[in-house]
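Participant: Structure for this input, please:
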Amino acid sequence: MELERYKRYGRIYGTFDGRSPNLVLGDPVLIRKVLIQDFEHFVNRRDLRTRNAYVNNGLSALKDGQWKLVRAVMSPAFTIGKIKHMNGLMSECAQSLIHHLQRQTSGGEVKVNIKAAVAAYSLDVIASCAFGTKIDSFQKPNNPFVSTATKIFSCSGTGNPIFTLLCERT
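Facilitator: Alright, predicted model coming up:
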């Protein structure tokens with residue numbers, strides 16, 4: 001749908017979510033300007049409030065001054081050197097995902113639960129990059145870190161129908 005709008009209206013156009021206006025950018029130069037150079041003027045994102053405090057306090061959900069405060073605290077964690085180091089950790093997690101998928105499909109054509117595989121990969125990346133621990137959630141799905149994170153990021157009871165649709169369970 002976004003691609004059709006892009007082709008019809010061009011690199012910059014607006015939409016509405018109910019009564020809330022949204023600006024959609026398709027120009028890489030403008031995207032860079034908004035997200036990097038002039039980010040302090042574009043702090044608010046789409047409102048997806050839920051009953052989950054962890055989701056509501058995430059950087060993408062915060063507004064105005066609260067967003068600026070949290071971003072200022074988080075920015076030092078994402079220097080070029082640290083991101084390069086994280087890239088190596090993410091590559092290791094990607095290799096675990098590949099090995100997991102190869103094991104699951106080694107017997108021929110098999111149905112694979114991609115949502116579960118990507119969730120495990122994401123959790124491995126978060127654990128290694130943010131917490132400095134390797135959990136290998138593919139091999140150890142009952143790890144306490146995995147169990148706790150699954151409860152925290154569970155989409156049940158969010159209270160927001162849009163967020164619930166995005167988190168459709170398999």
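
Participant: Contact partners for Ser128?
Facilitator: Residues counted as contacts of Ser128 (Cβ atoms under 8 Å, 6 or more residues apart in numbering) are Leu89, Met90, Glu92, Cys93, Lys134, Ile135. All C-beta spots, glycine's among them, are computed from the backbone N, C-alpha and C.

Participant: what's the burial count for the third one?
Facilitator: I take that to be Glu92. If you count neighbours by other Cβ atoms under 10 Å, Glu92 ends up with 14.

Participant: repeat for Tyr13
Facilitator: Residues contacting Tyr13 under the criterion other Cβ under 10 Å number 15.

Participant: Once you drop chain neighbours, what's closest to Tyr6?
Facilitator: Take Tyr6 and drop its neighbours on the chain: the residue closest to it by Cβ to Cβ, 6 or more residues apart in numbering is Gly26, 4.9 Å away.

Participant: which residues does that neighbour contact?
Facilitator: Taking Cβ under 8 Å, 6+ apart as the definition, contacts of Gly26 comprise Tyr6, Gly10, Arg11, Ile12.

Participant: Please report how far it lies from Glu40.
Facilitator: Between Gly26 and Glu40 the computed distance is 22 Å (Cβ to Cβ, to the nearest Å).

Participant: Helices along this protein, start to end?
Facilitator: Ranges of helices within the chain are 2-9, 28-32, 53-56, 64-74, 80-105, 114-130, 144-152, 161-166, based on DSSP state H.

Participant: Please work out which of these is packed deepest.
Facilitator: Comparing those on average neighbours per residue, with mean count of other Cβ atoms under 10 Å, the densest one is helix 114-130 at a mean of 17.

Participant: Next, the angle from it to helix 144-152.
Facilitator: The directions of helix 114-130 and helix 144-152 differ by 120 degrees, with axes from the mean of the first three to the mean of the last three Cα atoms, to 10 degrees as the criterion.

Participant: could I get helix 114-130 in PDB with only the CA atoms?
Facilitator: Extracted in PDB, the C-alpha atoms of helix 114-130 (Å, rounded to 0.1, in the frame of the first residue of the first chain):
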ATOM      1  CA  ILE A 114       9.400 -18.000  11.300                       C
ATOM      2  CA  LYS A 115       7.800 -15.800  14.000                       C
ATOM      3  CA  ALA A 116       9.300 -17.900  16.800                       C
ATOM      4  CA  ALA A 117      12.700 -18.100  15.000                       C
ATOM      5  CA  VAL A 118      12.900 -14.400  14.500                       C
ATOM      6  CA  ALA A 119      11.700 -13.800  18.100                       C
ATOM      7  CA  ALA A 120      14.500 -16.000  19.300                       C
ATOM      8  CA  TYR A 121      17.100 -14.300  17.100                       C
ATOM      9  CA  SER A 122      15.900 -10.900  18.300                       C
ATOM     10  CA  LEU A 123      16.200 -12.000  21.900                       C
ATOM     11  CA  ASP A 124      19.700 -13.300  21.400                       C
ATOM     12  CA  VAL A 125      20.700 -10.000  19.800                       C
ATOM     13  CA  ILE A 126      19.200  -8.000  22.700                       C
ATOM     14  CA  ALA A 127      20.900 -10.300  25.300                       C
ATOM     15  CA  SER A 128      24.300 -10.100  23.700                       C
ATOM     16  CA  CYS A 129      24.300  -6.400  22.700                       C
ATOM     17  CA  ALA A 130      22.500  -4.900  25.700                       C
END
